[in-house]
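Asks: take this sequence and fold it.
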Amino acid sequence: MSPVPGTSSVPGTASVSRKVSLRGYTVVRAGRASFLVHRRSLAVTVGLLVALAATVVASLCLGESTVAPSEVVKVVLGRPSPHELVVGEFRLPRVVVGLLVGLALGLAGALIQTVARNPLASPDVVGVTWGATATVVGLMAYGVVGSTGQAPYAAVAGGLLAGLLVYALAWRRGLHAQRFVLIGIGISVALSSLTSVFLTKGDGFQAQAAKVWMTGSLNGAGYDQADWLAWVLLAAVPVALWAARAQRSISFDDATAVGLGLRLDRIRLGMALLGIVLASCAAGAAGPVDFVALMAPQIALRLARSAQVPLFCSALTGALVVVLADLVARRLLAPTELPVGVVTGLVGAPYLMWLLIRSRRGGS
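Replies: So this is what the prediction gives:
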């Protein structure tokens with residue numbers, strides 16, 4: 001579902017809003033506030049929820065031993081089951097963390113792409129993920145962080161610093177979308193090189209542990225990661241609702257926005273900050289799971305066929321991609337388990353090349 005501003009949501013824009021066609025939209029009123037809900041986005045949201053539920057059940061059922069869906073439901077509902085250890089202790093925490101990481105990455109990617117106005121922009125590309133990676137690898141390689149249990153805090157701090165640095169360097173009397181992406185790519189390359197230096201010069205044993213973390217894996221993921229990430233996502237809901245309403249505002253060119261009295265810079269900063277925080281927290285919970293934040297918003301946009309990137313559809317798409325990729329990672333070469341980041345990378349790299357070719361040809 002992708003709510004956009006109603007006719008009374010932005011001061012001074014009533015005359016413009018009345019010209020917007022309501023075809024394909026439904027007006028939803030909540031007190032004095034009003035929303036235009038894109039009906040196709042709503043249908044896509046329902047479809048994604050059904051697909052996500054089916055994937056979660058499949059992930060809980062399949063493994064070294066197959067568990068019947070009825071038994072999985074019993075465990076999830078807290079009822080006695082002989083499969084409580086396998087499903088409840090081993091599989092369910094991993095699926096929950098993957099679900100939350102996917103939600104965070106999908107929403108973060110949608111926000112960053114909205115701010116940058118570029119389908120090639122994502123936390124992976126603009127330096128946020130590499131900021132988290134460089135920080136964790138550096139601290140682990142030199143023994144400051146002794147285990148991956150402390151990695152989430154370092155990842156969040158590193159991702160936030162890198163994202164804010166990119167935003168600050170891209171700022172010049174306003175945020176220019178192309179400059180934001182180009183500076184982000186430059187920062188990513190620099191942080192990637194710095195990560196390589198840390199791996200080469202640091203302690204060999206710690207560097208090896210850092211390499212494992214860098215693959216982006218849900219192996220051994222538990223409720224410790226899920227708890228705080230769930231709270232972050234819950235706190236992000238009001239901001240995400242505001243961002244969904246503000247999307248149409250930042251779709252105007254700068255001159256039009258200034259004429260309408262819109263504070264574009266504040267809106268873009270708010271969206272960018274939320275995207276940076278979510279991407280950093282996702283990296284802290286599971287390591288750098290590449291390309292999810294890049295793919296999910298564009299898949300959701302093509303499914304919903306909306307004017308703006310649908311934020312909540314993007315979040316659900318991200319969750320579906322991560323949970324499905326983790327299922328493939330566990331079963332593709334069973335009994336060997338691949339990191340989920342390897343699977344998303346194998347899918348995401350060709351997708352990125354396709355996007356580059358499509359943009360070069362002038363496709364949308």
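Asks: residues contacting the residue nearest the centre of the chain?
Replies: Here the mean C-alpha position of the chain is nearest to the C-alpha of Leu105 (C-alpha atoms, centre = their mean), at a distance of 1.1 Å. Residues near Leu105 by C-beta atoms under 8 Å, 6 or more residues apart in numbering: Pro123, Leu278, Ala279, Ala282, Val289, Val292, Ala293, Ala296, Gly318, Val322. Any C-beta I mention is one placed from the backbone N, CA and C, and that applies to glycine too.
Asks: let's see which of the residues you listed end up in helices.
Replies: Using DSSP state H, the members of these that fall in helices are Leu278, Ala279, Ala282, Val292, Ala293, Ala296, Gly318, Val322.
Asks: now that we have those, which one has the most neighbours?
Replies: When neighbours are taken as other C-beta atoms under 10 Å, the top entry among the ones in helices among the contacts of Leu105 is Ala282 (38 neighbours).
Asks: not counting sequence-adjacent ones, nearest residue to it?
Replies: Excluding the flanking residues, the one nearest Ala282 by C-beta to C-beta, 6 or more residues apart in numbering is Ala104, at 4.1 Å.
Asks: quick one: pLDDT of the one you found?
Replies: Predicted confidence (pLDDT) for Ala104: 95.
Asks: residue ranges with poor pLDDT in the stretch 201-350 of the chain?
Replies: Residue ranges of the stretch 201-350 of the chain with pLDDT under 70: 204, 251-262.
Asks: how near is Gly348 to Arg248?
Replies: Distance, Gly348 to Arg248, using C-beta to C-beta, to the nearest Å: 29 Å.
Asks: would you map the helices across the stretch 1-150 of the chain?
Replies: Secondary structure of the stretch 1-150 of the chain (DSSP state H, counting those that start in this stretch): helices located at 14-17, 39-61, 69-76, 92-116, 128-141.
Asks: what of the stretch 251-364 of the chain?
Replies: Going by DSSP H, counting those that start in this stretch, the stretch 251-364 of the chain shows helices at 254-259, 264-286, 292-304, 311-331, 340-360.
Asks: quick one on the thing from earlier: redo the contacts of Leu105 as TSV? Include distance to Ala168.
Replies: TSV is the format used below for those (distance: C-beta to C-beta, whole Å):
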residue	distance to Ala168
Pro123	17
Leu278	19
Ala279	17
Ala282	22
Val289	26
Val292	26
Ala293	21
Ala296	27
Gly318	27
Val322	30
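Asks: quick one: list the elements packing against the longest helix belonging to the chain.
Replies: What stands out as the longest helix in the chain, according to DSSP H, is helix 223-250. Identification of packing neighbours for helix 223-250 by 3 or more C-beta pairs under 8 Å, 6 or more residues apart in numbering; DSSP states H and E yields strand 3-5, helix 92-116, helix 264-286, helix 311-331.
Asks: comparing these, which comes out most buried?
Replies: When these are scored by mean count of other C-beta atoms under 10 Å, the highest mean neighbour count falls to helix 92-116 (a mean of 28).
Asks: how far away from the center of its chain is that one?
Replies: 3 Å (C-alpha atoms, centre = their mean, to the nearest Å).
Asks: still on that earlier bit, of the helices of the stretch 251-364 of the chain, which approaches Ala244 most closely?
Replies: Nearest to Ala244, of all these, is helix 311-331, at 5.0 Å by C-beta to C-beta.
Asks: ok, and the closest non-adjacent residue to Ala285?
Replies: Gln225 (4.3 Å).
Asks: now for that neighbour, how many residues are close by?
Replies: Counted by other C-beta under 10 Å, the residues lying close to Gln225 total 23.
Asks: ok, Leu316 - contacts?
Replies: Neighbouring residues of Leu316 by C-beta under 8 Å, 6+ apart: Thr45, Leu48, Leu49, Leu52, Leu103, Gly106, Ala300.
Asks: go with 7 Å
Replies: For Leu316, the contacting residues are Thr45, Leu48, Leu49, Leu52, Gly106, by C-beta atoms under 7 Å, 6 or more residues apart in numbering.
Asks: need the worst-confidence member of the residues you listed.
Replies: By pLDDT, Thr45 ranks lowest within these, coming in at 91.
Asks: would you mark the buried spots in stretch 176-191?
Replies: By 16 or more other C-beta atoms under 10 Å, the buried positions in stretch 176-191 come out as His176, Ala177, Arg179, Phe180, Val181, Ile183, Gly184, Ile185, Ile187, Ser188, Leu191.
Asks: isn't the second one up against Leu120?
Replies: To tie it back to what came earlier, the one meant is Ala177. No - counting by C-beta atoms under 7 Å, Ala177 does not reach Leu120; the two are 10.9 Å apart.
Asks: quick one on the thing from earlier: quick one: the residue nearest to Ala282 from Pro119, how far?
Replies: 19 Å.
Asks: just to revisit the earlier point, from the ones in helices among the contacts of Leu105, which is closest to Ala132?
Replies: Each of the ones in helices among the contacts of Leu105 was scored against Ala132 by C-beta to C-beta, and Ala279 proved nearest at 7.9 Å.
Asks: fine, thanks again, bye for now.
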